[in-house]
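> Return a 3D structure for these sequence lines:
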Amino acid sequence: MDLTVPVATGASLDDKIRFEADLLTFRALSDVCAKLRMRVDRHIAPEQQQVQQQQQTETQSVSQKPVQLILLDTVSSTAFETETAFQDQTTNLKQSFESAATEAQAGMDELQTAAPKRLAEGEPTGMTSAAPLVSGATTALTAALGLLKVVQTETSYFGRSFTVAPRALQLELASQWQSQKNVAVFLPDLGAWSSACSVRNDVQQRLDAVIVARASAFKMIHNLSIAMRGIDSKNRSYPSALFALNSAKEQFEAADSLLRELSVRLGTPDETTKLSLLQLLERAARFRSLAEQEDKSTFLLFIEALTAGGSYRVVKNLARSIFWADGVEVAGGVVVMYGLFDPQGKLISSGLISSGKGFLTMKELWAEIAG
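Alright, predicted model coming up:
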């Protein structure tokens, strides 16, 4: 009788088992957020710790402003940069159109003494009407997600990368303070905001000012072009007037090209951030409105997941297959970077925080989740 027992080949893995590694990675993410909260609390609530350490009595009180913590992501820096760029660009465009109008007016002044030549009705002047603006020179940093490396030994290992959604990281971190009554956490791109209309009004006012300057420049250039066709090219004022006309046209066309682009970008989502220029301006304004509240202690916290991933280990062992089921073990981990700033942008604290779990058997994994 043959008593040979075939050696177990171990469990087979496919993409469907990745859920277990994802669960461990999320558990590690929760641990990272708890560690980060401890680091941040040292700076945003020093008075509270001092009270606890000194064991003050109920008759003693500490004056402390409510704390508000504003969570930032990679899009936040883009929003701030875009707001400044939009304000500068609309100002520059308005000045460019005004300069074009000034050049055209100088040309008209040159022709004041020139003898007029009748221009045939309907003869073209070389000017056409144009439309509005915006080059949303918005750049956004793309989150770098690393791939957890695994090594092949006598035991089989299978690795998988894991993308931590920025929203998941922010909400998990925000939950760390949900029991703290004196700490309010804000994600400025979530929730209703009553001042959104004021941002749109400010944007419209800036664009209106540019459009008014554009219309004035267009009219002056048009009038100068008409006047140029009414005088002889041999007139002594003609060369100076022609130079002014060409200069005014060049300035107008350059500014008008940017204005058209800006108008398109205002309502078109950026390929990287997936937000339009107007949405970025609204987000920046909301950040500012929160940071400028003097009755609160405000802190800005930037967070980003650098790398996250998991691995599986399959031990091909007959005894393990008999006594410990399939021999599959799972691990997961995550690394997060952070920076804590005051409202003026001064760095208060920064660093990397990591956490990992595993290797756990399937039984240990579900016991970990249940706990």
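> what about the strands in this protein?
Under the criterion DSSP state E, strands of the chain are mapped to 67-72, 156-161, 183-186, 297-314, 328-341, 347-361.
> Out of these, name the one with the poorest average pLDDT.
Across the strands of the chain, strand 156-161 has the smallest mean pLDDT, namely a mean of 60.
> Correct me if wrong: Val164 contacts Ala305.
Yes: counting by Cβ atoms under 8 Å, Val164 touches Ala305, with 3.7 Å between them. From N, CA and C alone the C-beta is placed, and that goes for glycine too.
> nearest to Thr90, of the strands of the chain?
Nearest to Thr90, of all those, is strand 67-72, at 25.4 Å by Cβ to Cβ.
> re earlier: now render the strands of the chain as JSON lines, adding mean neighbour count and distance to Thr25.
Listed next are these as JSON lines, based on neighbours: other Cβ atoms under 10 Å; distance: least, Cβ to Cβ, whole Å:
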{"stretch": "strand 67-72", "mean neighbour count": "21", "distance to Thr25": "20"}
{"stretch": "strand 156-161", "mean neighbour count": "16", "distance to Thr25": "9"}
{"stretch": "strand 183-186", "mean neighbour count": "18", "distance to Thr25": "23"}
{"stretch": "strand 297-314", "mean neighbour count": "21", "distance to Thr25": "5"}
{"stretch": "strand 328-341", "mean neighbour count": "22", "distance to Thr25": "4"}
{"stretch": "strand 347-361", "mean neighbour count": "16", "distance to Thr25": "8"}
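> List just the one of those that sits closest to Ala254.
strand 67-72 (35.5 Å).
> Now do the closest one against strand 328-341, angle only.
Put simply, strand 67-72 runs at 110 degrees to strand 328-341, going by axes from the mean of the first three to the mean of the last three Cα atoms, to 10 degrees.
> Could you name the helices and strands sitting against strand 67-72?
In terms of contacts (3 or more Cβ pairs under 8 Å, 6 or more residues apart in numbering; DSSP states H and E), strand 67-72 is packed against helix 18-44, helix 166-174, strand 183-186, helix 277-291, strand 297-314.
> which of the residues in the first one are buried?
Residues of helix 18-44 classed as buried by neighbour count (16 or more other Cβ atoms under 10 Å): 18, 20-33, 36-37, 40-41, 44.
> thinking again about what came up before, with distance to Asp202 added, can I get the helices and strands packed on strand 67-72 in JSON lines?
Formatted as JSON lines, the helices and strands packed on strand 67-72 follow (distance: least, Cβ to Cβ, whole Å):
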{"stretch": "helix 18-44", "distance to Asp202": "31"}
{"stretch": "helix 166-174", "distance to Asp202": "27"}
{"stretch": "strand 183-186", "distance to Asp202": "21"}
{"stretch": "helix 277-291", "distance to Asp202": "8"}
{"stretch": "strand 297-314", "distance to Asp202": "22"}
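> Please identify the buried residues of the lengthiest helix in the chain?
Looking across the chain with DSSP state H, the single longest helix is helix 74-110. Buried residues in helix 74-110, counting neighbours by 16+ other Cβ under 10 Å, are found at 74-76, 78-83, 85-86, 89-90, 93-94, 96-108, 110.
> Check the offset of it from the chain's centre.
Centroid separation for helix 74-110 versus its chain: 24 Å, with Cα atoms, centre = their mean, to the nearest Å.
> Report the inter-axis angle for it versus strand 67-72.
70 degrees.
> pLDDT (mean, whole number) over helix 74-110?
88.
> Show me what that helix packs onto, helices and strands only.
helix 196-228, helix 238-267, helix 277-291.
> taking the ones you listed together, which one is wrapped up most tightly?
With neighbours defined as mean count of other Cβ atoms under 10 Å, those peak in mean count at helix 277-291, which reaches a mean of 21.
> and the gap between Val199 and Ile369?
44 Å (Cβ to Cβ, to the nearest Å).
> Can you give me every residue that contacts Arg283?
By Cβ atoms under 8 Å, 6 or more residues apart in numbering, the contact set of Arg283 is Val75, Ser76, Ala79, Pro188, Asp189, Leu275.
> Would you mind measuring from it to Gly107?
According to Cβ to Cβ, Arg283 and Gly107 sit 44 Å apart.
> try Glu20
Distance, Glu20 to Gly107, using Cβ to Cβ: 77 Å.
> Then Asp41?
Distance of Asp41 to Gly107, computed by Cβ to Cβ: 67 Å.
> same deal with Met337?
For Met337 relative to Gly107 (Cβ to Cβ), the value is 58 Å.
> ok, now how distant is Gln89 from Glu83?
Computed with Cβ to Cβ, the distance linking Gln89 and Glu83 is 11 Å.
> Could you do Ala174 as well?
Between Ala174 and Glu83 the computed distance is 24 Å (Cβ to Cβ).
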